[in-house]
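In: fold the following for me, if possible:
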Amino acid sequence: MASHWHLFPLRVRYQETDRMDVVFYANYVTWFEIGRTEFIRHAGWPYRKVEDAGLLLPVVDLNVRYEQPARYDDRIVICTRLREVSPLRLNFDSQVRLIGEDEQPPATADADGQLPGRLLAAGGTGHVWLNRDWKPTRLDRAAPELYALLRRLAGGG
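Out: Predicted structure coming up:
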């Protein structure tokens with residue numbers, strides 16, 4: 001079972017666009033990263049705290065499906081949810097959605113609830129837990145409190 005969606009609004013900056021006046025495709029991956037970082041922060045474990053615990057969380061899988069382009073000065077919302085948690089891996093779902101100029105999205109939405117705006121891109125990332133020596137590590141042993149929190153967020157108890 002997936003977690004609630006965490007929503008993080010931002011405005012498309014000029015440097016994120018290309019000569020075609022649309023957001024350069026790789027920037028969606030950066031926005032997925034922003035969404036994950038803000039998801040973890042909102043849950044009470046900012047990435048700095050994760051790293052201070054001696055843990056690294058590199059991306060090992062990435063998928064993105066582009067539906068429509070974002071353009072300079074558009075208001076978007078990055079929607080992120082935790083899809084799966086295991087002692088060794090995390091998987092996130094991500095969406096980038098176009099919202100109206102005056103639309104104020106909530107901070108969270110139900111896992112199966114309606115997300116605001118129009119879908120621009122969707123995908124996800126897979127991650128593996130590593131220690132400072134870049135060796136796979138079990139989160140349930142290295143940081144049991146964080147593992148318990150992530151399991152709760154993903155609906156796994």
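In: other residues contacting the helix or strand of the chain with the lowest mean pLDDT?
Out: Within the chain, no helix or strand scores below strand 108-109, which has a mean of 84 by mean pLDDT, DSSP states H and E. Here strand 108-109 makes contact (CB atoms under 8 Å, 6 or more residues apart in numbering) with 4-7, 42, 79, 115-116. No exception for glycine: its C-beta is placed from N, CA and C like everyone else's.
In: that one: how far from the chain's middle?
Out: In terms of CA atoms, centre = their mean, to the nearest Å, the centre of strand 108-109 is found 13 Å from the chain centre.
In: repeat for stretch 40-53
Out: How far stretch 40-53 lies from its chain's middle: 13 Å, per CA atoms, centre = their mean.
In: what does that stretch rub up against?
Out: The contact list for stretch 40-53, computed with CB under 8 Å, 6+ apart, reads 6, 37, 57, 107-108, 142-143, 146, 149-150, 153.
In: for the record, mean pLDDT for that stretch?
Out: Across stretch 40-53, pLDDT averages out at 93.
In: tabulate the contacts of strand 108-109 in a markdown table, adding columns for distance to residue 136 and secondary structure.
Out: Shown next, in a markdown table, are the contacts of strand 108-109 (distance: CB to CB, whole Å; DSSP: H, G, I helix; E, B strand; the rest coil):
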| residue | distance to residue 136 | secondary structure |
| --- | --- | --- |
| 4 | 28 | coil |
| 5 | 29 | strand |
| 6 | 26 | strand |
| 7 | 32 | strand |
| 42 | 27 | helix |
| 79 | 29 | strand |
| 115 | 33 | coil |
| 116 | 37 | coil |
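In: pick out the most distant pair among these.
Out: Farthest apart among the contacts of strand 108-109 by CB to CB are 42 and 116. That separation is 16.9 Å.
In: can you list the low-confidence ranges for this protein?
Out: 1, 111, 156-157 (pLDDT under 70).
In: can you name the farthest residue from the center of it?
Out: Of all residues in the chain, residue 19 sits farthest from the chain's C-alpha centroid, using CA atoms, centre = their mean; the distance is 27.2 Å.
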